[in-house]
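Undergrad: just coords:
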């Protein structure tokens, strides 16, 4: 149902120590800390062993019986998931790759070191609890018994690998607390939305199991006072989940604002109080964030090619001037702003824009918004660019879009005194040529390195370089980050910011309508929480037109990576500011939000009668009422940014 494209073209230098707290010399405190870390490590290891033994001795045993008792097998499956949730916080943080083997999305995933060479792409078959679930829900089919046995056997074997990892892996206090906070974020973005239990929908009980496990861990850090505000908030949240277990009626707005935000804030305070060295990761969700809704929770530079490319006020000023300058195009008639108009949330209001040399000919795809464009790992609908710099380069040089020449642009700006001054302020020392060339991967470091593969000359006095042009434009786009809607105000504590209708729409968005299983809060795009490492794609089955319900011929991400599972797959865009970004979908087929809601309500392309075996959008009807659809649209409109 869901897909993650894990970025592997990552700078080794992206994982860096930005600051160290001085080493503390209190040996008593060090001993206490080490004892605590060992206790938690042993607890996690014990939980993994318990999960392994239960799956092997109970779940696996039940499905190997001659006559399978469906109800008994489902109970064993649900019990297995609850046991997994007890150690998910640690497994997902310390060994995310192995954890994907236990509970990853039930679709092929892709690892690719170079999006420019599809021969390097490696497709990985899914396995784990999410793959097992559809084999026994909504009903068990005896024809799938061999597959079920095989998948549970994989689950056992992969758990043994995880056991080996945690048997002697040293945990550090600050990482334990960072992992605990991320688990709270995982619960509110994935847990209570049904992301990983789409059929069994045992979301609230599983979320409670996760919080119970966190409570035991966090009690090691609260000292002798076992009834601190943090532990009390955890107890209250767990009770709320138990009292309100129904997926359809659960009030997610209440749970997040009254419980989850307070819990993550409390954990962040504990983390801040931990002495000793702490590694600072280059992560889009900042480590110091107390909640997902902090005004500065997200790092707009996380996916830039490296530190020298980070945003500055001088770069933004230069980039804004370049953005509105039609001289960057080959004809001198089209600027970036020609297709990205500020009054339309930096879109153009058209289904598809026209080619620069032929107004009668349309470009391939709809123009996406640039608001919050920095908060994603890939660019273009087909995901082909890993940085905004690379996207800018692509658009300027594209013969149909701007047909610009970087050589001509440099000649133009170098001869202009105003530009000379702006470039000198923005890049006083230039960007070192070929600084970033490594293609290595680190699980907590997300700085793509494909853009600097282009070779730039060394900067000389008063010279302007191509990478400075693209970086300035990218910096301006990064400055267009706006997480300041009425929804954000509500999540930050203003209970009057949303109407009753909008709150109902939010709960539908997060629950029955399943919108939030692809448009993840709080960004509402496809960047996957809780670390927001990579952006997802989806196969929706978008039709060619309103009157022609055959599949749109654009094959999207498939044409970049060549993996069949991704045929007709496109990046999941944000729904923030959506009221200004019509028409919708990659081909602009839908003019109104009502049309979009009807498409999803009927099961996407499947509801139109399209035969797409790889459709990732659930093909069953959502059965939303007209009132519910209006409530969802009302909520989505509350996501409009304040400028």
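TA: Yep, it's here. Computed from a predicted structure; not experimentally measured.
Undergrad: just the strands in this structure please.
TA: 5-7, 109-112, 122-124, 537-539, 569-571 (DSSP state E).
Undergrad: chain center to the longest one: distance?
TA: If I follow you right, that is strand 109-112. When C-alpha coordinates are averaged (CA atoms, centre = their mean, to the nearest Å), strand 109-112 and its chain have centres 15 Å apart.
Undergrad: please apply the same query to the last one.
TA: Averaged C-alpha coordinates place strand 569-571 at 14 Å from its chain's average position (CA atoms, centre = their mean).
Undergrad: try the third one
TA: Between the centre of strand 122-124 and the centre of its chain there are 20 Å (CA atoms, centre = their mean).
Undergrad: partner strands of it, with direction?
TA: strand 109-112 (antiparallel) (DSSP bridges).
Undergrad: how is the protein carved up into domains?
TA: 19-273, 307-478, 498-637 (automatic domain parsing).
Undergrad: lowest mean pLDDT across those, which one is that?
TA: For the domains of the chain, mean pLDDT drops lowest on domain 307-478, to a mean of 87.
Undergrad: how long is it from one end to the other?
TA: 14 Å (CA to CA, to the nearest Å).
Undergrad: circling back to that earlier point, redo the strands of the chain as TSV? Include distance to residue 494 and mean neighbour count.
TA: To be clear about C-beta, it is placed using only N, CA and C from the backbone, and glycine gets the same treatment. Output for these, formatted as TSV (distance: least, CB to CB, whole Å; neighbours: other CB atoms under 10 Å):
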stretch	distance to residue 494	mean neighbour count
strand 5-7	35	22
strand 109-112	39	20
strand 122-124	43	14
strand 537-539	32	27
strand 569-571	32	27
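Undergrad: nearest to residue 235, out of these?
TA: With CB to CB as the measure, strand 5-7 is the member of those nearest residue 235 (36.1 Å).
Undergrad: columns distance to residue 160 on top of the strands of the chain, output as TSV?
TA: Shown next, in TSV, are these (distance: least, CB to CB, whole Å):
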stretch	distance to residue 160
strand 5-7	23
strand 109-112	21
strand 122-124	19
strand 537-539	32
strand 569-571	33
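Undergrad: which of those sits closest to residue 242?
TA: That would be, of the strands of the chain and by CB to CB, strand 537-539, which comes in at 33.1 Å.
Undergrad: tell me what that closest one is packed against?
TA: Other elements packing on strand 537-539 under the criterion 3 or more CB pairs under 8 Å, 6 or more residues apart in numbering; DSSP states H and E are strand 569-571.
Undergrad: what is the strand it packs on packed up against?
TA: So strand 569-571, by 3+ CB pairs under 8 Å, 6+ apart, packs with strand 537-539.
Undergrad: related to what we said a few turns ago, a markdown table for the domains of the chain, including distance to residue 643?
TA: Formatted as a markdown table, the domains of the chain follow (distance: least, CB to CB, whole Å):
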| stretch | distance to residue 643 |
| --- | --- |
| domain 19-273 | 25 |
| domain 307-478 | 8 |
| domain 498-637 | 10 |
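Undergrad: quick one: closest of these to residue 280.
TA: domain 19-273 (5.8 Å).
Undergrad: how far away from the center of its chain is that closest one?
TA: 18 Å.
Undergrad: with stretch 259-276 instead?
TA: Taking mean C-alpha positions (CA atoms, centre = their mean), stretch 259-276 and its chain are 23 Å apart.
Undergrad: which other residues reach it?
TA: Outside stretch 259-276, the residues that touch it by CB atoms under 8 Å, 6 or more residues apart in numbering are 21, 23-24, 26, 29, 33, 173-174, 177-178, 180-181, 184-185, 187-188, 211, 218, 221-222, 228-230, 233-234, 236-237, 240, 288-293, 491.
Undergrad: cool, and stretch 560-571?
TA: With CB under 8 Å, 6+ apart as the criterion, stretch 560-571 contacts 3, 107-108, 110, 112, 115, 118, 121, 123, 376, 378, 380-384, 526, 535-542, 551-552, 554-558, 586, 612, 614, 616.
Undergrad: would you mind checking the residues you listed for buried ones?
TA: Buried by 16 or more other CB atoms under 10 Å: 3, 107, 110, 112, 115, 121, 376, 378, 380-384, 526, 535-542, 551-552, 554-558, 586, 612, 614, 616, out of the contacts of stretch 560-571.
Undergrad: the longest helix seen in the chain: which residues count as buried?
TA: Across the chain, the longest stretch assigned as helix under DSSP state H is helix 27-54. For helix 27-54, burial by neighbour count (16+ other CB under 10 Å) applies to 33, 36-37, 40-41, 43-45, 47-49, 51-52, 54.
Undergrad: pick the one among these closest to residue 333.
TA: residue 44 (61.5 Å).
Undergrad: okay but the closest one is in contact with residue 92, surely?
TA: No: Residue 44 lies out of contact with residue 92 (CB atoms under 8 Å); the separation is 11.6 Å.
Undergrad: for residue 147, give me its contacts.
TA: residue 135.
Undergrad: that older thread, just the buried residues of helix 27-54 now: which is nearest residue 496?
TA: Within those, the smallest distance to residue 496 is 41.2 Å, found for residue 40 (CB to CB).
Undergrad: does the closest one touch residue 171 like I think?
TA: Yes: between residue 40 and residue 171 there is a contact at 6.0 Å, judged by CB under 8 Å.
Undergrad: thinking again about what came up before, identify whichever of the strands of the chain lies nearest to residue 640.
TA: strand 569-571 (21.4 Å).
Undergrad: for the residue nearest to residue 384 when sequence neighbours are not counted, give its distance to residue 57.
TA: Closest residue in space to residue 384, ignoring its immediate chain neighbours: residue 560 at 5.0 Å, by CB to CB, 6 or more residues apart in numbering. From residue 560 over to residue 57 the distance is 45 Å, taken as CB to CB, to the nearest Å.
Undergrad: neighbour-wise, which of those two wins?
TA: residue 560 (23 against 10; other CB atoms under 10 Å).
Undergrad: how close does the more buried one get to residue 385?
TA: On the measure of CB to CB, residue 560 and residue 385 end up 10 Å apart.
Undergrad: same question for residue 194.
TA: To residue 385, residue 194 is 32 Å away according to CB to CB.
Undergrad: excluding residues flanking it in the chain, which one is nearest residue 60?
TA: In space, residue 60 is closest to residue 152, 5.1 Å off (CB to CB, 6+ apart).
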